[in-house]
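>>> need a structure here:
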Amino acid sequence: MSTLRHGRHRTLRSDSLLPWVRQTCAPRRRPALSSAAWRSLAAVTAPAGLGLLAGRPAEGVMVALGALSAVLTDVAAAYRHRAVTMLLPQLLGVAGAFATLTAEGTAFAPYLLPALGVPAGVLACLGPEGSLGAMILLMDAQVALDLPLPGPLWLPPALMLLGGLSVVVLALAGRLFFRGRAERALLAQCLTGCAAVLEPDAAGPAGTARRRALHDLLERARHTGAVGGGALARHLPGLLALAGTACSAGARGLAADPALAGRLRAEAERVAAGRPALGSAWPPGRGPLDVRLLRAARAAVLPGDGVVPGDGEAVPVDGRRAGRLAGQRAERPAGRRRAVVRAVLADPQSWLCGLRLGLALLLAGAAAAYFDLPHPYWAVLNVTFVCRPDIGPVTGRALERFCGTALGVLVSGLVLACGGTGWVLLAVLALAAGLVPALSGTGYLYQAAALATVVLMVTQVAGDPALPLLLPCLACCAIGCLAAVLACESAGPRHRQLAVARRLAVAVEQTTLALTPRHSRTVPAPHLQLAVARAEFERARREPPWRRGAIDRWAALIEEVERTVDTALTLTPADHRHFDRTRHRLHRLAEQLHHLDGHHPAGPAPLAPSAPSAPSAPPAPRAPRIGRGARTA
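As a prediction, the model looks like this:
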């Protein structure tokens, strides 16, 4: 427990700051050319080129910027998921553009964007889809306000919607040829992960890494199935049952039939290739564990093959009951979404996130107006890109945004200084637009450089000389990033730690239920909650050095809770000596984690130390204690 003790505050030194800067700015992966890159290249460049040929470059630029907003939301692989993540943000962007154009010239105009920032911040707390919608809402509102067009009031929003819908149509056009391909690939990965955790060495460190990878895949599959629906949602209950049974067996070191793991890999290859079901019979199994695994595997691979999966196994039912249960499962996602929306609206942390975003927008707009910078919306636009709660820490993202913008300004300055013609600018615009999605996995710094190049190129194409705007663009970026960091740091953002503590508490509670014989089939639920907690915590990994101590202590807490849950799930009611004691400790651990989730301005209080325990039941972990010097992330 020494890693969780309260330590002294470390002074900020240059040798700790430089490694953080290098780690934040280092590329993560190579650029990946995909269909999204070609869609971005065509949808952004074609309107600008047509507007240049027709002698109406401003209209072409508006359509190109609308297409760029849709390109930024083209992040989903499944087609149903794409329809949600791309179409809804475009409608929100049109509403924001129309609102700002309507309020232009009134006394309320300077305060409209900060006012829109509060509901946008609450919307961003709903998840990745809500975060994308909030970003496009504010982005289109700022672009329409800064680039007014002659004509009726509805013309700029209509042109931006036209550009966005062109990208949406191109993104959904492949559904006629590749329908279900992404869902099948994700399902195949989950089946392969289930087969991997059934290997004989699954009880060691290698098995722990495999179970973590499987839990992350299951969380992706659950989110894709809940948002996009489709065939993956039908396979998901049986898949969760299979993963839960396999992880429990792997953690306990129980040997499963090797033929079943081989059959799962064969089914994964068949699902990924889109071939029909295998005609060979499933392996019969050698014991009760193999029978449970077989039932769950059949329910995961063939959800309509006369079985309906429960929480932990699949049971045969008649046709009427199967239809009734299928209808109930179809109604669950809508009810869960409504419950999530109500929980977010009732959470004060969501409104605090909205207030931070509104304050950052107000500070950036006021600073840009005070210094009388050209295109002041650039400062506010940087706040929109930096303040996204689903991405990670604001400080690291602001650093990447500023460095990327500086790199884009340097590249654009070299192109503009060479005195390129309109067609040369279009060629550079096409290259930069294609790199926006291609560099999304490399790092936000490099994607921000491509975005800055696109903005400066379309500004030049629209007739506004961009060479004198290079330094103002960099100044606006610095103002926006600084305003975002000040607003988010001053409000004390503890939302991520509270979310982690809440997920850990739910996982421990569900582990306690799993130890109850009546609820023994709820085993996979704790693993999903731990996967969500790890995903939430990974967003805080890039915290600056002055918060590194708190991050390390929270990481130790998560790891020890994982070990406690894994060890508890290996027990059975036959272990009378440790079973009741473990359930009592889990109850106490859940209460202490809920205490961390309470409103404690000085940081989470330490958990009480637990009594010595047997090797089969490790002690409950202590919570990270945050002192004066180390604040929460």
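>>> count the neighbours of residue 179 for me.
16 (other Cβ atoms under 10 Å). C-betas here are computed from N, CA, C, even on glycine.
>>> not counting its neighbours along the chain, what's nearest it?
Of all residues not flanking residue 179 in the chain, residue 79 sits nearest, at 6.8 Å (Cβ to Cβ, 6 or more residues apart in numbering).
>>> where's that neighbour relative to residue 226, distance?
Applying Cβ to Cβ, to the nearest Å, the value for residue 79 to residue 226 is 16 Å.
>>> likewise residue 243?
For residue 243, the distance to residue 226 - Cβ to Cβ - is 16 Å.
>>> of those two, who's got more company?
residue 243 (27 against 19).
>>> next one: the more buried one from residue 300, what distance?
8 Å.
>>> same check, this time on residue 154
50 Å.
>>> tell me which of these two has more neighbours.
The residue with more neighbours, out of residue 154 and residue 300, is residue 300; 26 against 13, by other Cβ under 10 Å.
>>> any idea of the pLDDT on that one?
Note for residue 300: predicted pLDDT of 82.
>>> what helix or strand is residue 404 on?
Using DSSP states H and E, residue 404 falls within helix 394-417.
>>> what packs against that helix?
Here helix 394-417 touches helix 14-25, helix 377-386, helix 422-438, helix 444-461, helix 470-490, going by 3 or more Cβ pairs under 8 Å, 6 or more residues apart in numbering; DSSP states H and E.
>>> residues contacting the residue nearest to residue 463 when sequence neighbours are not counted?
Excluding the flanking residues, the one nearest residue 463 by Cβ to Cβ, 6+ apart is residue 57, at 5.8 Å. Taking Cβ atoms under 8 Å, 6 or more residues apart in numbering as the contact definition, residue 57 lies against 48, 51, 461, 462, 463.
>>> I'd like to know how far residue 57 sits from residue 113.
26 Å.
>>> got it, and residue 507?
Taking Cβ to Cβ, one finds residue 507 at 40 Å from residue 113.
>>> what of residue 226?
From residue 226 to residue 113 the distance is 32 Å (Cβ to Cβ).
>>> kindly report the same for residue 458.
Counting by Cβ to Cβ - residue 458 and residue 113 are separated by 21 Å.
>>> equivalent analysis for residue 344, please.
From residue 344 to residue 113 the distance is 22 Å (Cβ to Cβ).
>>> show the model's pLDDT score for the residue nearest to residue 463.
89.
>>> same question, residue 293
83.
>>> so the residue nearest to residue 179 touches residue 182, yeah?
Yes. Contact criterion Cβ atoms under 8 Å: residue 79 and residue 182 qualify, at 7.4 Å.
>>> and residue 464, how many neighbours?
Count around residue 464 with other Cβ under 10 Å applied: 17.
>>> which SS class is it?
coil (DSSP: H, G, I helix; E, B strand; the rest coil).
>>> return the backbone torsion pair for it.
phi -100, psi 120 (degrees, to the nearest 10).
>>> now it: how far from residue 377?
13 Å.
>>> same check, this time on residue 299
Taken as Cβ to Cβ, the span from residue 299 to residue 377 is 53 Å.
>>> what's the answer for residue 267, then?
Counting by Cβ to Cβ, the gap from residue 267 to residue 377 is 53 Å.
>>> and what of residue 107?
Note on residue 107: its distance to residue 377, by Cβ to Cβ, is 19 Å.
>>> how about the secondary structure of residue 284?
Residue 284 - assigned by three-state DSSP - is coil.
>>> mind checking how far it is from residue 338?
Counting by Cβ to Cβ, the gap from residue 284 to residue 338 is 44 Å.
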